[in-house]
Each structure stands twice: as structure tokens, then as C-alpha cells.
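Undergrad: the sequence and its predicted three-dimensional model are supplied below.
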Amino acid sequence: MAKVMDMEERHEEGHSEFSNIIKSRSDEHKDVQKKTFTKWINARFSKCGKLPVKDIFTDLRDGRRLLDLLEGLTGNPLPKERGSTRVHALNNVNKVLHVLHQNNVELVNIGGTDIVDGNHKLTLGLLWSVILHWQVKDVMKDIMSDLQQTNSEKILLSWVRQSTRPYSEVNALNFTTSWADGLAFNAVIHRHKPELFGWNKVTKMAPTERLEHAFNIAKNYLGIEKLLDPEDVAVPLPDKKSIIMYLTSLFEVLPQQVTMDDIREVETLPRKYKKECEEADIQSATLEEDYGGSRAETPSTVTDVDLDLDSYQVALEEVLTWLLSAEDTFQEQEDISDDVEEVKEQFATHEAFMMELTAHQSSVGSVLQAGNQLIAQGNLSEEEESEIQEQMTLLNSRWEALRVESMDRQSHLHDVLMELQKKQLQQLSDWLSVTEERIEKMDSQSSVEDLETFQHQMEEHKVLQHDLEAEQVKVNSLTHMVVIVDENSGESATAVLEEQLQRLGERWTAVCRWTEERWLKLQDINILWQELLEEQCLLKAWLIEKEEALNKVQTSNFKDQKDLGTNVRKLAVLKEDIGMKRQTLEQLNEMAQDVAQLLSSKKALKKIDSDLEELTQRWDSLVQKLEDYSDQVTQAATNVEIFQISPKFSTETVIMKEQKIVKQSKVESSSPVPLPKKRQTCLDTEMKKKFDSEIAELLNWILKSKAAIQDIEIKEYKKMRETLDMKETLKAIEKERTEKKKTLNELSLLSKKLLDQMEKEGLPTDDVANAIEKVSMEWKGTDLQLEEVAKRIQYQDEVNIYVRELDEFDKNIRDKELWLQDNSVIPAQQQPLTTLKESCQRELSDLLSLTPQMEHLKAKGKALSSQPDAPNFIDDSLSYLTDHFILIQQKLELLLQQLRKVECESHPSKDYLDALKNLKEEMNELESKVESIMNTVVDFSKVEKAFQQTKALYETLENQKTVVDKLATDTQALEKHFSVEKSNLYKQEFKCLQGYRDKLKLKISTDVHLLEEIMSKLRVFEADSKLVQRWMDGAKDFLIKEQSIQKDPEGLQRQLDQCMLLVTEMEKTDLTLKEMKEIESALRGQSVSAWVKSKLTDVQSQWEKLSKQVISQKNQLFECQEKTVNLKKDLAEMQEWMAQAEEEYLEKDFEYKSPDELENAVEEMKRAKEDVLQKEVRVKILKDNIKMLAAKLPSGGQDLTTELNLVLRITSYSATESEGSATLWRKCGLAGSSCCIIWIWKQPG
């Protein structure tokens, strides 16, 4: 049990550890990208003179800096909203997104609210999209076009590999690990600019030094901003995007030579290394990277490359990075909604997530397989094998947990979605049932009595149509149902659902078809019925007019034949009109039959038939009355024997009657008056027919116009009346009048021709003249009627405007009245009293500002009242408002006077209160300024400025003393005018203010002394810094100039003296550094401490480095001098011995008188030989030492080598001669002992 618990604890610890590692790596990349992107933006801003950004996550939230950036990139001015609200920020950011869309910069899942809310991930994603478009693709667009390639990363890696091919130490395989050691950056620059630095020098540097070197060279000689920091690149896995961004800057300024062979080489790289390039195709199409989408990059595997522990660790880290991102994405998914559309979206989103899990399953399996292979190889230590097993267990458990949770969510989503869809289907079915019952009821109520009831049915049908349109949204949702069919259920799972959907679809189609067809039918009936009623109304009006005209015809007591002729002509005209109108009656009968057939309503048919029967009866009555009148005229003429008239008149009457009979095909052909025999005339009957027809048509239109005008005529003015419909009707009538005016003009010309012809023929012209005169009079009457109606409508409009202005004016006055009612009680406390007084003053000012408006209303009311038929309510309303205005004004003025009186009696003067308030505000402002000044003290340059500003604030505070003293006096004097309680209240307030001022004064004084102290210490610190810098500059010059040690003793001594002088000064500088450290320690906790510490660290690191070099140089010089002196001493001794040996053994003559002397000489020579052999050993040692010294000091050991060569030659010669002499003496000694011969030997020469 304990073992199991231990394993679980280890599992959890390992899980947490790897989560932290991956999370830390992700955070590191975000931090690096933040710094890199910030530098890139500021580099762009510096070119156009804009202020830099400090924090892209906060400075870009309002969208204005993003628009500044896009202005520089696009070259187009982009207006910005200057407000500080969230709405302004969203508008600016949305404008940014619009500009990016216009420039074909695609963004995925990035909205305006994400940037305004400061979402780090999506802000970086937005910036990377901008950089990718304008920095990467824009720089490489020409070469991409030439090579017909869309993958910018593949081209960039090809260029890098082509540039670094001559450098065996560099193998650029990707945009991450290949750049960590700094060699690749230096190789790219050195390949194209070899004159800038030596390659061997770079290879001996540390990785961070190489990176610093490359970035400095690129900035100083190529003009490329230092976008990357060495410590951010010299890591196990550098940030890919930052590397790409910097490399494109190099690509832009260096020669660009990329061929298809280079690209094919990249394409043949092992999968592990070319994966990044392959992913670029997807990124360029969808931009779904770390930010734009919801996933990290697809991790590469280790199955396609040589299997080793490093490859396994890299692949494991990539898989874990992706797995952490996937877990975060899964956790970020919202709870399952109860809305079917939202659940569908959630289902689709999770389905995509599941597809991605499936796509990455092979990567996880590859890493697990690689771990098993590493363990199976047996090349790992126990600790490494245990670590890999633990890693594999953690990876497998996390993968399995994510997979199981994802499948559970998918299953739950499907269950919820199916349940919601079933409810949706049931709701549709219920709705259709209700609607079908509704349709059945509407069908059963199809019988209508009149047009009003029918139009009510149409309104009900419109409601049904509206309900259909609302339900259409839900039906559309059902067309996108989601159903999952697994292997177990098969197609049978959807059969029932499909059948249900089909039945609902048929029912829905039937309802829609019935609704559409019924609506078309209702529209046709409505149009036809309205037309029928309009024609009936017109026919009624016509019958009334003709009945009135017939009643005016005289049937007896004629004065003369002219009077008889006039009445006969009137009867003839009426007969003609009746004949022409009979067709209209027949058309009405046909229209009534059509309406009845469409309606299928007995009640409506009965009503229509009743109306037609009434019209028919009135028609028959009119015809019968006309016949009776004709008979009466004939009888009257016969009785009084007036019929004996001239043939001319008889002929005229006969002609007129014949013309009428020809025109009236359906009117009785016999004339009621016996007429003489007709005679042939030359009158143009077609012209007369046209004239009569157009006269009748025009009179009919005038009659209709009069009826329409009467409908819109204003008989009584109202305070508010809608006149829009009246104006539209009036406008339509005027438009028709314009067209009918042409007809009237044509009739005038036609009547003139007709009258001329009739006069020439001797025919009577009264009927034509009367007809045209009647039309003209009716036309003029209509003109006057239109003009009057237009005037009354215009006057009503003016009354409407006037009443609206009165209402607005009255509303303002009522607001003041309500305010008076709410504030009628005068408060006892000071603050409410002051507030009420100020409010009362504002209300009174607002009221008085309405005076011009009131005068305007008076003038306007007077002008309206002066018009004829002006309504009485105009003067009444204005009088009421004027009196009301004056009353409220008087009440406000009275209240203001009371408030001022109470304020004067119970509170201090306004000057006292203002002085107290101003003093508070000044001290608050001073305090905020002090805080602001102290926050700006971050380096030495700002300390002195802050000191002067703080000192000025202290002087300002001192200058307030006069005001404070006066306030103290005034506060003390309040006892005389106010109660003890109130005066004590103001005394307490003033006391608190004094205490606040004293504290502020003490704080400012303390800050002044503190800044003065800091300034003095910083001056010492700066002076010490300059002393140390001066020594370091001297040390650098010495180390550069005296790199080689002088060969002559004098030069060596001079170098040593200089070095010793530097060492002596270094000891003094060390004291200066200690003083700087003491200052830094004393300033800890102050705002300048960071600057002081940074500068001290920089100076100290340089000093330590240079001091070590100087000490090393001093030791070398001492060592060289000491060795040189010792060697010279040994050489001098050897030369002295050689001279002595030469004088003692080689340069003197020897005479040997006896063998004993010879024997002694031989012994002496033996000793000399031994001496020479010992010196040879010493000479060899001297030789070796001099060679070593000469090797160290190529130019310094030349004189010692010369002397050594001389000693070597002499020693060699002496040894040879001593050997020869000794040999000879031995031979001679042997001979002398036997022959007693004495030899004398001398050294030659």
C-alpha cells in the first residue's frame, strides 16, 4: 500500500513538474516575443518620429498606437477617435482590423474586444500577423514570385543554408535550436561581409558573446536594430518567430541568392527539421498559429531521424507543449448551453478539437515508441532509464485523460443536442397543429358582410404570415440537424427521425402554400371590391347631379320659342349623358358578379346586389322621369301652339336629336317631341362626338376631384392634426390637374373650331358654348377650392408646429414647477443649503433663458390669431403659458432670496469658504506634484531637476502663510456671528487643514533634504565613476599598445614601470570602487538605486576584468625580467670560467722534466675534463632556459641566444682540445716511463 501511495505521489509530482516546465517554456517564448515585437514597433516609430511604446499589452489597447503603426506601414493617414472610453477604443481597434482586412492580412479568432481587454496571446498574434505580412512576406515577395514559391520560411532557410555552407561549424536545420550558439548569425554576416571581422575569433567566443557580437555588427554596419537579446537566444529552444523576424531583416540588406536546388535541399531534410517549413504552408493559408488559432504547432516526431536521448527529449518537449495547449483549450470550452444553436456550435467546435486529437495521436505514439526503443537499446544509465519511464507514464496518462474527457464531452454534447432537437421538432409539431386549427377556423369564417369585415380578415392573415416568418427561423435550424451514427446503430438510428422530419416538412409546406394562395386571393378580391365601391360612389354622385339637372328643366309655361329650344336641348344633353353612362352600369354589374364569385359569401353577395339594385332603380327612375319630362314638353308645346317655329330652328332640333340618337346605341331611338323632316348638313359629326366625349370625361374627373377635395377639406382647426395624407392627396390631384389642363386646352381649341363650323352652317351653338363655359367654370371653381384647401392645410401645419413649441415650452415650465415642489423645504445644514441655492440659481437662469422663446411664441401666436377663422385655443394657450411662466419665475426668485438670506444668517461668507476650498485644492495639488516628482527620480540627470522642483514647491507652501494667517483670523472671528457649535465646526475643519499643511510641509522639507543628500552622493558617485573609467581607459590603452614585451632591458623595464604604476593606481581605484559600493548601499531603497546598481555593476565588471589583465601582465613582465637577469648572470659566470680555464690550461706552455710532472699534468687535465663535462650540463640547462624565454618572447631573447651560441662554441672547442691534450699526455707518459724521454707539449697557436 505504501508503495502504491509513493508511486502516486511521484506521478503527481512528475505531472506537476512537467506542466511547470512546459508552462515556463511557453511563458518564456511569450516574454521573448513581447520584447522582440516591442523593439520592432519602436524601430518603426523612430523612423517616423513617433513616441515609443513601453508595454504592448497596455499601450495598444486603445487602438491608437496600432493605427500609428499601420499609418507608417501603409503610408496612408488613419483618423483616430481621441476619447478614452471603451467604445472609442473598440472603434479604433475595429478600424485596425478593417485596415488589415483591406490589406489581405487574415486574422483568425481575433476580435476587437480581445485587444481592448489586453489578451496577451491574441495581441501577440495580431502583431505577428502584421510582422508576417510587412516584415517577412513583403521583404521576400519578389524572390517568392521569381521562384514561384508560397512558403516564405522554406525560402529563408534555403538562403541561410546557402550562406552558411562554407562554414563546417554551422548546420542550420531549423529556426530554433540551430541558432542558440550564435555561430549561424555570425556565419551569415561573415559570408557576405567578411571584411567586418575574423571568423576564427568568433569560434573561440562563448555563445552569448557570439550572439552579442553578431547583433552589434548587424546594428553598427548593416543598420539592423538589435531586436534580440543574447540571453533570449542562448537557450535550449529559442523562439522561432523572433528568429524569423530578425533573419528577414538580414535577408533584406544582404545579397539574396536562392535557387531551386537550395529549396530542394531543404525539402530533403529529415522530417524533424523540415517540419517547421512544411507547417509554414498551413500558416500562410490559415494563420492559425500560437495566437490566431487555438493550438500550438504540430510537434515533430523522432521516428524518422537517428534515435538518441537529445532527439527524444526535444520531441517529448514538443509533444508536451502541444498537449498542454490542448488541455488549456479543452478547459476553456464553455459549459454546455441550453440553446440548440449554441449547442450546435459547441458540438462543431469540439468535433474539430477531437479531429485534432486524432491527428496528434501518432505524435504521442511516436514519442512513446522512441522512449521504449531507447530503453531497449540498453545504452542509458539507471537514472536516465527511470526518468524516461516516468516521462512516458506521465505523457500516456495525460494523453489518455484528455482523450477520455474529450470523448465524454462529445457524448454529452450529442445527448443534449439530440434532446434539444427532439424538443424543437415537438415544438414545431405543436405549432403546426395550432396553426392548422387556426387555418381551419379562418376557412370557416370566410363569409363576410362588407369590405371592412373583409379587410379585418386580411389583417388576421397578415398576422398569420408574420407568425410564419418568425417560425421560419426555427425551421431553417432544423435543416441543419446533427445526428451521429455509430457502428452499432447504423442507418436505422436516423430512419425514425427522417420520417418525422418528412411529415413535418409536408405539413409545413401545406401551411405555407395555403397561406400564400389565400393571400393572393384576398389581394385580388380587395382590389376588385374597392374598385367596385369606388365606381358605385361615382355613379351615385353622377345620378344625383343628373337628377338635379333634370329638376331644373322647365316642362311648361314657355315664354317663347327660344325658351322652349333651351329646355329641349337640356333634355337632349341629359339623354345623351344617360346613353353614354349605361355602359358604366353594365360594367358595375359584371364587377359585382366577379366579386361575388370570388367571395363565395351569401351575405356579401346580398349586400352587393342590394347596392346595385338601388342604383338600377335610381337609374330607371331617372330614365322614366326624363321620358315624362319629354312628353310634358311636347304636350306643352302642342297646347300653346308654339311649335309653329321657323324651319331653321326645326332643322336644328332635328339634327341635334339625330346626333343624340346616333351616339346612344342603347337609349330609345324615338324622340318624345314630334320633329319635322330632317335635312342634310355638312357638320363634322366625328369632331362633335369627340368634343362631347371629352367634355363628359373631363366633367366626370372634375366631379371626382371635388369629392376628393371635400374629403380632405378642414372644416375645423384642431390643436394637433395629421396632414401628411391630406398633402399626398392634394399633390396627387394637382399632378392629375396638370395632365388634365392639356385636355382642357385641347377642348378649348376644339370648341372654337366646332363653333366656327356651326356658325358657318347656321346651327345653334348654345349647347357647345354652354358646355365649354360650364367646364371652365367648374375648373376655376376647383382651382379656388384647391387653393383654399391648401391654405387651410398649411395653416393647420403652422398650428401643429406652434402647439408643439407650446408643449415643449410648457414642459420646461412644468419641470421648474416640479423642482419647486420637490425643494420647497429649506435645509438647516450648510452643504444642502449651498447645493439648493446653486440649484435654484441654475433653475432660474434656465427659466429666464426661455424668455426669447416666449417672445417668439407670442409673435407667432399673434400672427396665427390674425388669420380668418383662427381658432380660439391659440390665444387661450398662449395666455395660460405666459401667466404660468411669470408665476414660476416669481416663485423661483422668492425662493432664491430666502435661501440667500438663510445662508447669510447661518453660514460664513463666500470669500471665506472659497479661500478655504482653494487652500485645500492647492495642497492636494502640491501633494500630487511631490509624489509625481519623486516617482521620476530614476537617474542622476533627473535628481537635480527634481530637487529644484521640490524646492519650488516648498517655497510655494511657504508663500501660503499670509492666506493661512488670514483664514486663522477669520475662523477665530466666527464666534461673534455664529453659534458655538457651528464656529467650533469650522475651527475643527481649519485645524485639520493646518495639520494637513504641516504634514505636507514636513514631507516636502524631508524630500528636499533627501534629494539634496542623494544629489551630493550621486555627484561623488559620478566623480568616482569617472576616476575608475579614466583608470580603465589607461589600462585598455596600455594592454593594447604593450601587447608584446620589449626585447631590450630598458624597454622591458619601462613596461614594468608603467605596469607597476597602473597597479599602484589600481589599488587607489579599488578604494574608489569601495566608496561607490558604500554609496550604492546607502541609496538602496531609493528610486535611483536601480540606476546606481546597474552602473556600479557595469563599472565593477569592467574593472575586475581589466585588473586581472593588468596583474597578469605585471606578473609576466616580472617573470621575464627575473629570468633574463638570472640567465645573464649564469652566462657571465660561464664566460668568466671559460676565460680562466683558457688562461690556466690552454694558453700557457707546459714543460715536464720528469714523468711525475707529466703524470701530475695528466691528472690535472683529467680534472679539467671533468670540470668541462660539468659545465656542459650547465650550458645545456642555460640553452633550454634561453630557448624557452625566446619562445615566449620572440623579440626579447635574441641577445641571450647570441651570447649562448658564443659560449657553446668556446665550450665545445675547449672540451675538444682538453680531450686531445689528455690523450697525448697519456701516450707520452707510457713512453717516458720506459725510455726516460722528456716531452714538452705546447698548445698550438
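TA: Alright, I've got the coordinates.
Undergrad: for stretch 86-97, buried residues please.
TA: Using 16 or more other CB atoms under 10 Å as the test for burial, stretch 86-97 gives His88, Ala89, Leu90, Asn91, Asn92, Val93, Asn94, Lys95, Val96, Leu97. Where C-beta positions appear, they are placed from N, C-alpha and C, glycine not excepted.
Undergrad: try stretch 43-52
TA: For stretch 43-52, the neighbour count (16+ other CB under 10 Å) marks Arg44, Phe45, Lys50 as buried.
Undergrad: so which of those residues are in helices?
TA: Secondary structure defined by DSSP state H assigns Arg44, Phe45 of the buried residues of stretch 43-52 to helices.
Undergrad: quick check, nearest of the buried residues of stretch 43-52 to Asp310?
TA: If you rank these by distance to Asp310 using CB to CB, Arg44 comes first, at 38.6 Å.
Undergrad: that closest one and Leu73 touch, don't they?
TA: Yes. Counting by CB atoms under 8 Å, Arg44 sits close enough to Leu73 to count as a contact (7.3 Å).
Undergrad: which strands and helices sit next to the host helix or strand of Ser406?
TA: Using DSSP states H and E, Ser406 falls within helix 382-444. Packing partners of helix 382-444 (3 or more CB pairs under 8 Å, 6 or more residues apart in numbering; DSSP states H and E): helix 2-47, helix 309-332, helix 340-377, helix 451-478, helix 492-551.
Undergrad: who wins for proximity to Thr584 among those?
TA: Nearest to Thr584, of all the helices and strands packed on helix 382-444, is helix 492-551, at 6.2 Å by CB to CB.
Undergrad: now do the helix holding Ser406 and helix 451-478, the angle between them.
TA: Relative orientation of helix 382-444 and helix 451-478, computed by axes from the mean of the first three to the mean of the last three CA atoms, to 10 degrees: 160 degrees.
Undergrad: follow-up on the earlier one: and the helices and strands packed on helix 382-444, which is most packed in?
TA: Comparing those by mean neighbour count (mean count of other CB atoms under 10 Å), helix 309-332 comes out on top with a mean of 18.
Undergrad: separation between Ala973 and Gln960?
TA: In this view, Ala973 and Gln960 are 20 Å apart by CB to CB, to the nearest Å.
Undergrad: so which of those two has more stuff around it?
TA: Gln960 (17 against 13; other CB atoms under 10 Å).
Undergrad: I'd say the more buried one and Arg997 touch.
TA: Yes. At 7.4 Å, Gln960 counts as touching Arg997 under the criterion of CB under 8 Å.
Undergrad: which neighbours do the two have in common?
TA: Counting by CB atoms under 8 Å, 6 or more residues apart in numbering, the contacts common to Gln960 and Arg997 are Leu919.
Undergrad: quick one on the thing from earlier: from the buried residues of stretch 86-97, which ones fall inside helices?
TA: Those of the buried residues of stretch 86-97 mapping onto helices are His88, Ala89, Leu90, Asn91, Asn92, Val93, Asn94, Lys95, Val96, Leu97, per DSSP H.
Undergrad: any chance of these in a markdown table, with distance to Asp815 too?
TA: Formatted as a markdown table, these follow (distance: CB to CB, whole Å):
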| residue | distance to Asp815 |
| --- | --- |
| His88 | 32 |
| Ala89 | 36 |
| Leu90 | 35 |
| Asn91 | 34 |
| Asn92 | 38 |
| Val93 | 41 |
| Asn94 | 39 |
| Lys95 | 40 |
| Val96 | 44 |
| Leu97 | 45 |
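Undergrad: lowest-confidence entry in those?
TA: Checked by pLDDT, those have His88 as the lowest-scoring entry (80).
Undergrad: how near is that residue to Ser824?
TA: Per CB to CB, His88 is found 43 Å from Ser824.
Undergrad: ok, Glu1136 next?
TA: Distance, Glu1136 to Ser824, using CB to CB: 132 Å.
Undergrad: go on, Ser621?
TA: Taken as CB to CB, the span from Ser621 to Ser824 is 77 Å.
Undergrad: the more surrounded of those two?
TA: Neighbour count, other CB under 10 Å: between Ser621 and Ser824, Ser621 has more, with 12 against 9.
Undergrad: quick one: that one is in a helix?
TA: Yes. Assessed with DSSP: H, G, I helix; E, B strand; the rest coil, Ser621 lies in a helix.
Undergrad: now the strands for this structure?
TA: 1150-1151, 1240-1241 (DSSP state E).
Undergrad: worst average pLDDT in the ones you listed?
TA: Lowest mean pLDDT within the strands of the chain: strand 1240-1241, a mean of 36.
Undergrad: I'd like to know how far the residue nearest the centre of the chain sits from Lys706.
TA: Central residue of the chain (CA atoms, centre = their mean): Val93, 2.5 Å from the mean position. With distances taken as CB to CB, Val93 is found 65 Å from Lys706.
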